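Q: when you get a sec, could you give me coordinates for this:
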Amino acid sequence: MPGEMPIEDRVRIQDLLMRYVWANDSANLEGVAGVFTPDGIVRPSTGERIPVRRWATETFAHPGRRGRQHWAQLMSIEPTAEGAMARSYWKVLQWRAVADTKAIHAMGYYEDVCVKFDGQWRIKEKRIYRCNDETPLPW
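A: Purely as a prediction, here's the structure:
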């Protein structure tokens, strides 16, 4: 069983996860890829395991993304034998100026498998779970 994680590592992981959110909302492919290990994958709610560059390219190509913001709230970071498991709640908000509408498009939680790569914390796998009133939750 891994020991307690130093606060410096916790802060670096939190910063890593926020850099991911900013790069995602900015449609910055290199920024998203840069927070992952070279073999990093994203596992959306479909369960498919998608290489991060392919996932980001396909995600950024979706119409209607402009003006969306991912809001993430880190809930826990637990040390693991490999590195750390971070769990966060997330929601996607958007304000459409022409219609002056504001909406929550989706919400759920992330599980991020984080590891040290070349001395820096990186995401090895991002698991994306969507939640609604019919979603079976793990807790």
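Q: ok now the lengthiest helix in the chain, how far from the chain's centre?
A: Assignment by DSSP state H gives helix 7-25 as the longest helix of the chain. Mean C-alpha position of helix 7-25 versus that of the full chain (CA atoms, centre = their mean, to the nearest Å) differs by 9 Å.
Q: what residues sit buried inside that helix?
A: Applying a neighbour-count criterion of 16 or more other CB atoms under 10 Å, the buried positions in helix 7-25 are 9-10, 12-14, 16-17, 19-21, 23-25. Quick note: C-beta positions are derived from backbone N, CA and C, even for glycine.
Q: now that helix - C-alpha only, CSV.
A: Output in CSV follows, covering the C-alpha atoms of helix 7-25 (Å, rounded to 0.1, in the frame of the first residue of the first chain):
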residue,chain,number,x,y,z
ILE,A,7,1.6,18.1,-0.5
GLU,A,8,3.9,19.3,-3.4
ASP,A,9,2.7,16.3,-5.5
ARG,A,10,-0.9,17.0,-4.7
VAL,A,11,-0.6,20.6,-5.8
ARG,A,12,1.2,19.6,-9.0
ILE,A,13,-1.5,17.1,-9.8
GLN,A,14,-4.2,19.7,-9.2
ASP,A,15,-2.3,22.1,-11.5
LEU,A,16,-2.0,19.3,-14.1
LEU,A,17,-5.8,18.7,-14.1
MET,A,18,-6.6,22.5,-14.4
ARG,A,19,-4.1,22.8,-17.3
TYR,A,20,-6.1,20.0,-19.0
VAL,A,21,-9.4,21.8,-18.5
TRP,A,22,-8.0,25.1,-19.9
ALA,A,23,-6.4,23.4,-22.9
ASN,A,24,-9.6,21.5,-23.6
ASP,A,25,-11.8,24.6,-23.5
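Q: can you give me the mean pLDDT across that helix?
A: Across helix 7-25, the average pLDDT comes to 96.
Q: longest strand of this protein, counting residues only.
A: strand 101-117 (DSSP state E).
Q: and that strand, what does it pack onto?
A: helix 7-25, strand 36-43, strand 68-79, strand 84-96, strand 120-130 (3 or more CB pairs under 8 Å, 6 or more residues apart in numbering; DSSP states H and E).
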